[in-house]
Structures are given as C-alpha cells and as structure tokens.
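**Q** 3D model of this:
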Amino acid sequence: MFNFEKLEVWQKSIVYAGHVYRVTKTFPKEEQFGLTNQIRRAANSISSNIAEGSARPPADFARFLGYATGSLYEVVTQATIARNECFLTPAEYTQLYADAEEISRMLSGLRRSLGD
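**A** Numbering: from 1, shown residues only. Coordinates of the predicted model:
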C-alpha cells in the first residue's frame, strides 16, 4: 500500500469522484464533451494531486494540496452550473456540496499540518 492510500482525505476524494461519475451519467448527451467531461476531470484531479504531492517534500506536498483544493472548487462551480441547468437534482447537488465542504476542511487541515 502506498502512503497516500492511508490518507483519509485521499480515500474520501476517491469516493467523491465516484459520486460525481454516478450523478453525471444522467447529464444530456450534448454535454458529454462539455460539462460532463469537465466536472469528471476536476473530480479526478483531487485525488491525483494528493497522490502526486505525497511523493514530494512537505512544501511541495502543501502546494499540491492547494491544487487539489482548486480542483475541488472547480467541481463545486461546475455542480452549481449543472444544478442551475437542472442536470442535477437539489438532493444530488446538496450531497456533492456537503462532501466538498468536508474534503475542503480535510485538505486545509493536512496542509496546515505540513507547516503551510
């Protein structure tokens, strides 16, 4: 097992990406290469940045956690657009948003623990 796999925030971000994939399956076909692709890529970037950064010195890891946070904020923005376009139900949006808040707090805490 790699060290990053032990991080709860990485585990939650993997689950979060899976949730994003499930809720975007119902997006309109014409959004396949637009919003669907964009929100999925951003969701995937969260865990990817955590994993990549974990192999670097603490200051670099903190920077990658910042990238992960940026990707998380992208998902929130894209989910808001999807909700406004009625591609997400209010319940789906609320769950994505609540999970994003939790992951954001975890990323912030981990970043602080690295001295950033």
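**Q** got the buried residues for the longest helix anywhere in the chain?
**A** Longest helix in the chain by number of residues (criterion: DSSP state H): helix 58-84. Residues of helix 58-84 classed as buried by neighbour count (16 or more other Cβ atoms under 10 Å): 61-69, 71-72, 74-76, 78-79, 82-83. Placement of C-beta: from N, CA and C, glycine included.
**Q** what's the answer for stretch 19-39, then?
**A** Buried residues in stretch 19-39 (16+ other Cβ under 10 Å): 20, 23-24, 27, 31, 35-36, 38-39.
**Q** Could you do stretch 1-13 as well?
**A** 4, 7, 9-10, 12-13.
**Q** go on, stretch 39-57?
**A** So for stretch 39-57, counting by 16+ other Cβ under 10 Å, buried means 39-54.
**Q** That stretch - what's its average pLDDT?
**A** The average of the pLDDT scores along stretch 39-57 is 98.
**Q** which other residues reach it?
**A** 2-4, 7, 9-10, 13-14, 16-17, 20-21, 24, 60-65, 67-68, 71-72, 74-75, 78-79, 82, 103, 107 (Cβ atoms under 8 Å, 6 or more residues apart in numbering).
**Q** quick revisit: next secondary structure after the longest helix of the chain?
**A** Using DSSP states H and E, the helix or strand that follows helix 58-84 in sequence is helix 90-113.
**Q** What is that next one packed up against?
**A** With contacts defined as 3 or more Cβ pairs under 8 Å, 6 or more residues apart in numbering; DSSP states H and E, helix 90-113 has these neighbours: helix 8-24, helix 58-84.
**Q** quick revisit: in JSON lines: the buried residues of stretch 1-13, plus distance to Tyr97 and pLDDT.
**A** Formatted as JSON lines, the buried residues of stretch 1-13 follow (distance: Cβ to Cβ, whole Å; pLDDT from 0 to 100):
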{"residue": "Phe4", "distance to Tyr97": "25", "pLDDT": "97"}
{"residue": "Leu7", "distance to Tyr97": "22", "pLDDT": "98"}
{"residue": "Val9", "distance to Tyr97": "17", "pLDDT": "98"}
{"residue": "Trp10", "distance to Tyr97": "20", "pLDDT": "98"}
{"residue": "Lys12", "distance to Tyr97": "14", "pLDDT": "98"}
{"residue": "Ser13", "distance to Tyr97": "15", "pLDDT": "98"}
